[in-house]
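J.: using only what follows, build the 3D model:
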Amino acid sequence: MSPNDTYLAVFLGSRNSARAQAWMALPDAERRAKEQEGMAAWKAWAEQHQAAIATMGGPLGKTKAVTERGIEDVSNAVGAFMVVRAASHEAAARMFEKHPHFTIFPGEGVEVMPVLPIPGA
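T.: Numbering: from 1, shown residues only. The predicted structure follows:
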């Protein structure tokens with residue numbers, strides 16, 4: 001596939017969202033059980049889409065922003081990323097319908113965007 005068939009999927013969620021707060025309020029045993037269920041579902045999803053996954057990516061840690069002012073700690077809703085290949089933007093997005101990130105875990109959604117060629121390259 002060409003670079004035009006490559007898509008970045010960004011998994012979003014906020015620790016301050018109502019979903020995240022409800023998740024953290026679960027009793028430990030119930031939350032651990034849901035985590036295991038979610039990880040099993042995530043692995044099954046990855047196996048189902050294995051041929052389309054270009055880079056598995058993974059969870060992301062704390063963020064540092066680098067600007068003309070320097071480096072500072074910031075917070076955002078990006079929790080993980082993945083790179084997939086698909087015949088179209090719509091097909092790439094459809095891969096994430098009913099994903100465990102938001103059907104089991106308290107994630108808010110997955111944003112999918114094309115990776116465009118570098119102009120003039």
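J.: other SSEs contacting whichever strand or helix holds Ala40?
T.: Secondary structure from DSSP states H and E places Ala40 in helix 28-48. Applying 3 or more Cβ pairs under 8 Å, 6 or more residues apart in numbering; DSSP states H and E, one finds that helix 28-48 contacts helix 18-25, helix 100-103. From N, CA and C alone the C-beta is placed, and that goes for glycine too.
J.: in JSON lines: these, plus mean pLDDT and mean neighbour count.
T.: As requested, these are exported to JSON lines (pLDDT from 0 to 100; neighbours: other Cβ atoms under 10 Å):
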{"stretch": "helix 18-25", "mean pLDDT": "95", "mean neighbour count": "12"}
{"stretch": "helix 100-103", "mean pLDDT": "96", "mean neighbour count": "18"}
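J.: closest to Ala52 out of those helices?
T.: Closest to Ala52 of the helices and strands packed on helix 28-48 is helix 100-103 (Cβ to Cβ; 16.2 Å).
J.: need the contact list for Lys98.
T.: If a contact means Cβ atoms under 8 Å, 6 or more residues apart in numbering, then Lys98 has no contacts.
J.: and for Arg85, the neighbour number?
T.: For Arg85, the neighbour count with other Cβ atoms under 10 Å is 18.
J.: ok, Phe81 touching Ala54?
T.: No. Applying Cβ atoms under 8 Å as the test, Phe81 and Ala54 come out as separate, 11.5 Å apart.
J.: show me where pLDDT drops low in this structure?
T.: The chain contains residues with pLDDT under 70 at 1-3.
J.: restricting to C-alpha, output the helix or strand that the helix holding Ala40 is followed by in PDB.
T.: Heading C-terminal from helix 28-48, the first helix or strand you meet, by DSSP H and E, is strand 53-59. In PDB, the C-alpha atoms belonging to strand 53-59 read as follows (Å, rounded to 0.1, in the frame of the first residue of the first chain):
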ATOM      1  CA  ILE A  53      -2.000  -2.900  11.400                       C
ATOM      2  CA  ALA A  54       1.100  -1.200  10.200                       C
ATOM      3  CA  THR A  55       2.300  -0.100  13.600                       C
ATOM      4  CA  MET A  56       0.700  -1.400  16.800                       C
ATOM      5  CA  GLY A  57       1.600   1.700  18.700                       C
ATOM      6  CA  GLY A  58       0.600   1.600  22.300                       C
ATOM      7  CA  PRO A  59      -0.300   3.700  25.400                       C
END
